[in-house]
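>>> Here is my input, please return the structure:
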Amino acid sequence: MAKYDREEVLKFHEGGKVGVKLLKPLATGDDLCLAYTPGVAHAVKEIAARPDAKFEYTAKRNLVAVVSDGTAILGLGDLGATASIPVMEGKAVLFKAFADVDAWPVPLDHCRMGGENTGKTDPKRVIEAVKMIAPQYGGINLEDIAAPACFEIEDTLDRELDIPVFHDDQWGTAVITTAGVMNYAFLKGKAMADLKVVVNGAGAAGTRIADMLKAAGVKDLTMFNSKGVLTPATEGLSKYTKAHARADVDPRLTRTEALVGADVFVGVSKANVLSGEDVMGMSEFPAIFAMANPDPEIRPEVVAEALKGERYVMVTGRSDYPNQINNVLCFPFLFRGALDCRASTINTAMKVAAANALAMLAREPVPEAVQALYPNEKLEFGDGYIIPKPFDPRLREMVPAAVAAAARATGVARA
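Residues are numbered from 1 along each chain as shown. Sure, this is the predicted structure:
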């Protein structure tokens with residue numbers, strides 16, 4: 001049987017991947033009276049009199065809604081809310097398995113009009129729907145919502161709700177990429193402010209990676225989209241992407257030219273847009289973050305051949321190469337920290353704290369039990385290991401603690 005072939009995967013998904021586990025017993029008549037009528041009335045009255053009691057007497061304090069309209073499912077595109085459910089269930093599984101956060105899929109079929117999928121996200125309808133279901137949840141994880149609507153949806157919900165709202169496709173990759181760049185800078189002996197960075201791909205992930213890298217100290221960052229280098233004259237930019245347009249570069253600047261002397265290439269675009277000659281023109285000891293899936297902007301084998309005998313850092317989004325950028329390193333633990341301190345938002349300081357915690361953990365000796373899970377890799381801090389592995393149990397302690405500390409330091413924690 002081929003690994004992960006269609007029949008095997010479909011068999012795994014039969015019946016779904018999530019369900020309800022009761023947190024209190026229901027085995028006697030007394031249990032029934034406590035759980036429902038007449039006893040439940042006391043909890044209702046307490047919350048009505050003291051709204052913050054909702055965190056004490058409901059599941060809200062540890063429950064996240066995983067919301068999608070199915071307009072940007074993985075690398076599959078716009079397949080609709082119903083088709084997104086296996087991914088949203090998968091996200092819920094990861095929340096629970098890695099950080100003991102209860103999560104539930106909330107697919108929003110707002111794109112259908114008269115039975116036909118319009119293929120476009122209506123930000124206002126998504127915003128209103130999420131606001132209506134928000135009372136039950138302690139956080140909202142937005143997922144697989146197409147750009148540019150995803151920016152407006154997240155910003156508006158974050159502003160209007162008093163619980164954390166986080167779009168993983170925007171920020172998850174950005175947080176982990178920032179952790180990787182932090183460790184690359186450490187290995188190179190260079191400050192973040194002194195790095196020269198080129199970002200290829202100006203969608204949701206690329207825009208937020210640029211935001212995060214700048215928040216972490218990067219000053220020299222040049223971004224490209226499918227039309228070329230971003231300048232104030234580039235047409236069709238959102239207000240979010242315009243923040244990374246550079247007025248001090250020639251609009252005719254090519255990606256190859258921009259990479260000359262660059263320390264870091266970050267790709268969140270499409271396969272095979274980078275050549276061996278491109279990476280050869282980068283600085284001594286470069287870092288190539290080629291994260292397009294399933295095929296990266298340049299294959300590690302091509303980089304190895306081009307930089308034969310030289311030192312470099314290679315990062316992809318694939319599990320079959322070292323230094324994988326996998327969002328499961330971020331969202332469960334970021335939400336764990338936010339829920340633990342009852343944060344009202346997930347702000348930039350909390351995201352940078354998560355990135356820094358990930359970076360610092362990678363520098364620690366790896367427990368034997370974790371190394372045993374990856375027999376073909378040497379998990380020792382260095383060029384081939386700058387990002388922790390998802391099954392490292394220390395993530396559960398280090399990242400949430402750092403996130404909660406940042407929330408308290410910035411005044412958004414309520415516990």
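>>> Need the pLDDT of Met1.
Predicted confidence (pLDDT) for Met1: 40.
>>> repeat for Ala53
At Ala53, pLDDT is 94.
>>> what do you get for His13?
According to the prediction, His13 has pLDDT 89.
>>> Contact partners for it?
Pro86 (C-beta atoms under 8 Å, 6 or more residues apart in numbering). Quick note: C-beta positions are derived from backbone N, CA and C, even for glycine.
>>> Same check on Thr207?
Contacts of Thr207 (C-beta under 8 Å, 6+ apart): Ala147, Phe151, Gln170, Ser238, Tyr240, Thr241, His244.
>>> Just the ones of the residues you listed in helices?
Secondary structure from DSSP state H places Phe151, Gln170, Tyr240, Thr241 of the contacts of Thr207 in helices.
>>> Do a quick rundown of the strands in this structure.
Under the criterion DSSP state E, strands of the chain are mapped to 63-68, 102-107, 112-113, 116-117, 139-142, 165-167, 196-200, 220-225, 228-229, 264-267, 287-290, 313-316.
>>> Relative to the first one, what are the paired strands and their orientations?
Spelled out, that is strand 63-68. Using DSSP bridges, strand 63-68 pairs in its sheet with strand 102-107 (parallel), strand 139-142 (parallel).
>>> possible to save those strands as CSV with distance to Arg311 and mean pLDDT?
Shown next, in CSV, are these (distance: least, C-beta to C-beta, whole Å; pLDDT from 0 to 100):
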stretch, distance to Arg311, mean pLDDT
strand 102-107, 41, 96
strand 139-142, 38, 97
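>>> okay, those strands, which one's buried deepest?
strand 139-142 (a mean of 27; mean count of other C-beta atoms under 10 Å).
>>> CA atoms of that one as CSV?
Listed next in CSV are the C-alpha coordinates belonging to strand 139-142 (Å, rounded to 0.1, in the frame of the first residue of the first chain):
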residue,chain,number,x,y,z
GLY,A,139,-11.0,32.2,21.2
ILE,A,140,-11.5,32.2,17.4
ASN,A,141,-9.1,30.5,15.1
LEU,A,142,-9.7,31.6,11.5
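>>> With distance to Cys341 as added columns, please give the strands paired with strand 63-68 in TSV.
Below are these laid out as TSV (distance: least, C-beta to C-beta, whole Å):
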stretch	distance to Cys341
strand 102-107	17
strand 139-142	12
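>>> I'd like to know which of these is closest to Asp158.
Among the strands paired with strand 63-68, strand 139-142 comes nearest to Asp158, with 8.9 Å by C-beta to C-beta.
>>> Determine how far that closest one lies from the middle of the whole chain.
Chain-centre distance of strand 139-142: 11 Å, with C-alpha atoms, centre = their mean, to the nearest Å.
>>> List of residues touching it?
By C-beta under 8 Å, 6+ apart, strand 139-142 touches 63-68, 91, 95, 103, 130, 134, 150, 153-154, 157, 161, 163-169, 331, 335, 338-339.
>>> Please identify the nearest residue in space to the residue nearest the centre of the chain, excluding sequence neighbours.
Among the residues of the chain, the one closest to the centroid is Gly172, at 1.5 Å (C-alpha atoms, centre = their mean). Nearest in space to Gly172, with sequence neighbours left out and distances taken as C-beta to C-beta, 6 or more residues apart in numbering, is Asn327 at 3.6 Å.
>>> I figured that neighbour was touching Trp171, is that so?
No: proximity of Asn327 to Trp171 does not meet the contact threshold set by C-beta atoms under 8 Å, at 9.1 Å.
>>> between these two, who's got more neighbours?
Trp171 (27 against 21; other C-beta atoms under 10 Å).
>>> what about stretch 326-334, start to end distance?
14 Å (C-alpha to C-alpha, to the nearest Å).
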